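1. Structure of the sequence below:
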Amino acid sequence: MDFDFGALSRHPDVEAPELQAADAADRLLLDEAADALAGAASGTVVVIGDAYGALTLGAAAGHGVGAIRVHQDALSGERALAANAERLSITPTWQWHDLDADLRTGAEVVLLRLPRSLDALAEIAETIARNAAPSVRVFAAGMVKHMALSMNDVLRASFGRLDVTHARQKARALVAAEPRPDVSPTWPRRQTDSATGLVVVSHGAAFAGAAVDIGTRFLLEHLDAAPAAAEAIDLGCGTGVIATWLARTRPGLHVVATDQSAAAVASARETAAANGVADRVEVVRDDALSARADRSAELIVLNPPFHIGHVVHRGIALKLFADAGRVLAPGGELWAVWNSHLKYRPDLERLVGPTRQIARNPTFTVTASRAR
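-> Coordinates of the predicted model:
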């Protein structure tokens, strides 16, 4: 296959020397699927979880596959795929889809980068098994250090056959076949949180699942003290717990819940609806706050992630802080909760403005930063 993986970029996602746009698992996956791709009819190949375009562009440019259906949970991944195609002069032969019937119906070959979450893998596997062609083969790969035997069990729940390849360059592939079309759909899941009374709805790839994570719970204990506003933004909203709590506790407030994850956005919409506040929670899929005008917000609330893929990295939090600083009007505030050992306060002072501590426990710190 004549395709230069080294030419790929992560942009507009966080870039750093230790973060790569493609790895050995991408290469292994395309090699293992080469024969299947060569015989696949146009429109029968599906790519799921392609981080920055390695699989989609490798299949299109390296194997001549046309009319690929693609699902990328992260909006930054979609934008990186488009930017890489343009820079490498590869004519688009793919379309993006939600994780739904339009993506999976009639699929013969599926290329899947194994997700971090077993729940995410379970929802993907169920989705494929219910509507893909009976002859479908799912080629799934990851780096061995990020794989677990429980992934095999998840795939076997939706497929009658699973083969495991030899490892190569610390990557391994799993090949699933014989889908079980009668597998019962179990997503999204919902659960009522006893402490807040919120019904939390979650798709597989959404952070924390159908529960309130402990950092968010600590932040909610102190948000009553946040300043009054006509509108608030829940940045990196996840399942929409903060947005829904704000809308429920402040009846006059309009809340914008934004996340780049397709699973998070779907979950947040359903969480808001389940709690009767869908009319005041506007859910938007965006890469940070890229679609938001400068100096246009009074209040932003944030529980930032500290992982980029499998890597613990400060870059994503700093990106969110910087965008919050850009979007806040002078005097507007960013209320954030973060793991205390990450020591984000100097970054918040620099990227947003004067920062005060609201609360602290053995694990988390809640701060309020006022825009200059």
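
2. tell me the contacts of the closest residue to residue 364 other than its chain neighbours?
-> Here the nearest residue to residue 364 in space, its sequence neighbours aside, is residue 218; by C-beta to C-beta, 6 or more residues apart in numbering that works out to 4.9 Å. In this view, the C-beta of every residue, glycine as well, is placed from N, C-alpha and C. Shown in contact with residue 218 (C-beta atoms under 8 Å, 6 or more residues apart in numbering): 337, 359, 361, 363, 364, 366.

3. at 7 Å instead, please
-> 337, 361, 364, 366 (C-beta atoms under 7 Å, 6 or more residues apart in numbering).

4. tell me the helices in the chain, going along the chain?
-> Along the chain, counting by DSSP state H, helices occupy 24-32, 34-38, 54-57, 63, 75-87, 101-104, 118-131, 149-156, 214-220, 241-249, 262-274, 315-327, 345-351.

5. tell me which strands and helices the last one is in contact with?
-> Contacts defined by 3 or more C-beta pairs under 7 Å, 6 or more residues apart in numbering; DSSP states H and E place helix 345-351 against helix 315-327, strand 355-360, strand 364-370.

6. Flag the shaky bits of the stretch 251-372 of the chain, pLDDT-wise.
-> 306-313 (pLDDT under 70).

7. Cross-check the contact I'm expecting between residue 25 and residue 144.
-> No. Using C-beta atoms under 7 Å, residue 25 makes no contact with residue 144, being 8.9 Å away.

8. Which neighbours do those two have in common?
-> Residues touching both residue 25 and residue 144 (C-beta under 7 Å, 6+ apart): residue 171.

9. who has more neighbours, those two?
-> residue 25 (26 against 14; other C-beta atoms under 10 Å).

10. Could you list which residues are in contact with the more buried one?
-> Residues in contact with residue 25 (C-beta under 7 Å, 6+ apart) are 113, 141, 142, 143, 171.

11. Of the contacts of residue 218 - the most surrounded one?
-> Going by other C-beta under 10 Å, residue 337 tops the contacts of residue 218 with 28 neighbours.

12. Taking the contacts of residue 218 together, which two end up most distant?
-> 337 and 361 (10.2 Å; C-beta to C-beta).

13. Pull out the buried positions in stretch 251-270.
-> For stretch 251-270, burial by neighbour count (16 or more other C-beta atoms under 10 Å) applies to 253, 255-270.

14. typo on my end, stretch 345-364
-> Judged by neighbour count using 16+ other C-beta under 10 Å, the buried positions of stretch 345-364 are 345, 347, 348, 351, 352, 353, 355, 358, 364.
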